[in-house]
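J.: here is my input, please return the structure:
(one chain, ligands or ions: 1)
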Amino acid sequence: MKKIITVVGARPQFIKAAMFSRAIQLHNQTDREPVNEQLIHTGQHYDENMSRIFFSEMGITRPTWQLHCGQTTHGAMTGQMLIEIEKILLDQRPDYLVVYGDTNSTLAGALAASKLHIPVVHIEAGLRSFNKAMPEEINRILTDHVSTLLCCPTHEAVQHLAEENIHAGVYHVGDIMYDAALFFGRQAEETSDIMQRLQLHSKGFRLCTVHRAENTDEDERLSSIVAALKQIASSHCPLVFPLHPRTRQYLEKYQLLEELTAHPNIRLTEPLGFLDMVMLEKQASTILTDSGGVQKEAYFHRTPCITLREETEWTETVTAGWNQIAGYRTDQILACLENNPVRHEIDEYGQGNTAQKILELL
Ligand code: UDP
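T.: Numbering: from 1, shown residues only. Modelled structure (predicted):
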């Protein structure tokens, strides 16, 4: 029996892990060699809305190891994870270690395993923003350089790896988030009542998420985004804004939270479970976001997106006209809202069977 240990720690990783674990469960119902997967949860995101709801709602395997490595500086967090993950790997000696995306949990898992010569599988390999001020960019580059199997969501990601001289073990497999968008999109239609709870009409509201450190931590940038949101939200088209804990913290710090709360057409919510989030993404008229995952989900559900960053890892969404790069300036954000680019389909993300393809590769 093949033994896999998967490291998760942050919200988007729970969603990706849900799809991979599901592919393993389906595989184990066949008569082929079974796969045993166990999860390490690093505790990077740990509370009800950012972690627990994903496990209960999406049927993700309960973590065998629950670490508590959140809420500290990048270095300390990554260091603590490294120590704890290494202990588990020394004891368990899995055939593969699976990591997702670009968080500190990704890097810690990849480093711990590669030093023990345990093959690292990086799901969502090869993405680059070419902005090394982003902690995520450092995590991606380093993880890719110690990985054995690099599962790329796009051809551009394959190209980035080639430019860094990484050729072996590189596969374009499509996007596991597309698997999730299809699978949980169907479930959301049946179970989510978020439209009724927030009293929204289909295509009659906009959806916003902000959580990148570059936007939240700087007063000027966060104020400029908030100013745009206040102008955008109107009585005939309200704005729904689920608040990431970091965003709430900085909105309070810069005394911006009250302005948003007081606005009659802005609906602030706690972070949402994935089913409610998918429902809103499907039904919104426009999405404004600095999230990598949400930019793509906007396309998966064919909702136009405005990205509140200076660059994106998902350049094909921009080329295809579904995504506009606005940055943080109020006037730029408002200008993008007025645009209506020509849009076409993107043939990169696979057919919703990426998790299964990765499992085949293993
Ligand atoms: N998401 C969610 N609830 C929310 C906000 C986001 O379920 O309130 C989901 C979203 O649909 C996407 C993932 O979380 O699948 C994105 O996570 P995040 O924006 O934290 O990270 P990124 O994708 O930028 O790495």
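
J.: so how many other residues sit close to residue 354?
T.: 27 (other Cβ atoms under 10 Å). The way it works is simple: take the backbone N, C-alpha and C, and place the C-beta from them, glycine included.

J.: and if you look at residue 293?
T.: With other Cβ under 10 Å as criterion, residue 293 counts 21.

J.: what's in contact with the longest helix seen in the chain?
T.: Using DSSP state H to define each element, the chain has its longest helix at helix 74-92. Contact with helix 74-92 is made by 3, 5, 7, 9, 38, 40, 42, 44, 65, 67, 69-72, 97, 104-105, 107-109, 111-113, 115-116, 118, 135, as judged by Cβ atoms under 8 Å, 6 or more residues apart in numbering.

J.: nearest residue to residue 136 other than its sequence neighbours?
T.: Of all residues not flanking residue 136 in the chain, residue 102 sits nearest, at 4.0 Å (Cβ to Cβ, 6 or more residues apart in numbering).

J.: now do the contacts for the one you found.
T.: So residue 102 contacts 124, 127, 136, 137, 139, 140, 143 (Cβ under 8 Å, 6+ apart).

J.: same deal with residue 226?
T.: Applying Cβ under 8 Å, 6+ apart, we find residue 226 in contact with 251, 256, 259, 260.

J.: work out for me the element the last one sits within.
T.: Assigned by DSSP states H and E, residue 260 belongs to helix 257-262.

J.: show the average pLDDT along that helix.
T.: Average pLDDT, helix 257-262: 97.

J.: how far off centre is the following helix or strand past that helix?
T.: Sequence-wise, the next helix or strand downstream of helix 257-262 (DSSP H and E) is strand 266-269. The chain centroid and the centroid of strand 266-269 are separated by 21 Å under Cα atoms, centre = their mean, to the nearest Å.

J.: so who does the spatially closest residue to residue 329 that is not a sequence neighbour touch?
T.: Nearest residue to residue 329 in three dimensions, chain neighbours excluded: residue 224, at 5.7 Å (Cβ to Cβ, 6+ apart). Residue 224 sits next to 328, 329, 330 when contact means Cβ under 8 Å, 6+ apart.

J.: who wins for most neighbours among those residues?
T.: Using other Cβ under 10 Å as the neighbour test, the contacts of residue 224 are led by residue 328, with 22 neighbours.

J.: wait, that residue sits on residue 225?
T.: Yes - counting by Cβ atoms under 8 Å, residue 328 does reach residue 225; the two are 5.4 Å apart.

J.: shared neighbours of these two, anything?
T.: Between them, residue 328 and residue 225 share the contacting residues 215, 308, judged by Cβ under 8 Å, 6+ apart.

J.: what residues does the stretch 151-300 of the chain have near the ligand?
T.: By Cβ under 6 Å from any ligand atom, the residues of the stretch 151-300 of the chain that approach the ligand are 209, 211, 242, 271, 272, 274, 277, 291, 292, 293, 294, 297.

J.: kindly indicate which of those lies nearest residue 312.
T.: For these, the residue nearest residue 312 by Cβ to Cβ is residue 292; the value is 7.7 Å.

J.: count of neighbours near the closest one?
T.: 22.

J.: residues contacting it?
T.: Listed by Cβ under 8 Å, 6+ apart, the contact set of residue 292 reads 12, 127, 136, 312, 313, 314.

J.: for the helix or strand containing residue 335, give me every contacting residue.
T.: Under the criterion of DSSP H and E, residue 335 resides in helix 330-338. Contact with helix 330-338 is made by 224-225, 227-228, 231-232, 286, 288, 306, 308, 324, 326-327, as judged by Cβ under 8 Å, 6+ apart.

J.: re earlier: buried set for the longest helix of the chain?
T.: The neighbour-count check on helix 74-92 (16 or more other Cβ atoms under 10 Å) flags 77, 78, 80, 81, 82, 84, 85, 86, 88, 89 as buried.

J.: mind listing the strands for the stretch 201-350 of the chain?
T.: 206-209, 239-242, 266-269, 286-289, 305-307, 323-325 (DSSP state E, counting those that start in this stretch).

J.: what strands line up against the last one, and which way round?
T.: The pairing partners recorded for strand 323-325 under DSSP bridges are strand 305-307 (parallel).

J.: need the residues that contact the strand it pairs with.
T.: 286-290, 294-295, 298-299, 317-318, 322-326, 333, 336-337.

J.: of these, select the buried ones using a ChimeraX command.
T.: Listed next is the ChimeraX selection for buried residues among those, using 16+ other Cβ under 10 Å:
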select :286,287,288,289,290,294,295,298,299,317,318,322,323,324,325,326,333,336,337
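
J.: any idea how far residue 140 is from the ligand?
T.: To the ligand, residue 140 is 11 Å away according to Cβ to the nearest ligand atom, to the nearest Å.

J.: span of stretch 266-285 from start to end?
T.: For stretch 266-285, the first-to-last residue distance is 15 Å (Cα to Cα, to the nearest Å).

J.: what about it, average pLDDT?
T.: Averaged across stretch 266-285, the pLDDT comes to 98.

J.: same check on stretch 349-362?
T.: 97.

J.: just how off-centre is it within its chain?
T.: 18 Å.

J.: before we move on, back to that, closest to the ligand out of the contacts of helix 330-338?
T.: Minimum distance to the ligand across these is 11.3 Å, recorded for residue 308 (Cβ to the nearest ligand atom).

J.: hey, what's residue 3 bridged with?
T.: Applying DSSP bridges, one finds that residue 3 bridges with residue 36.

J.: before we move on, back to that, and the furthest pair within the contacts of residue 226?
T.: 251 and 259 (8.8 Å).
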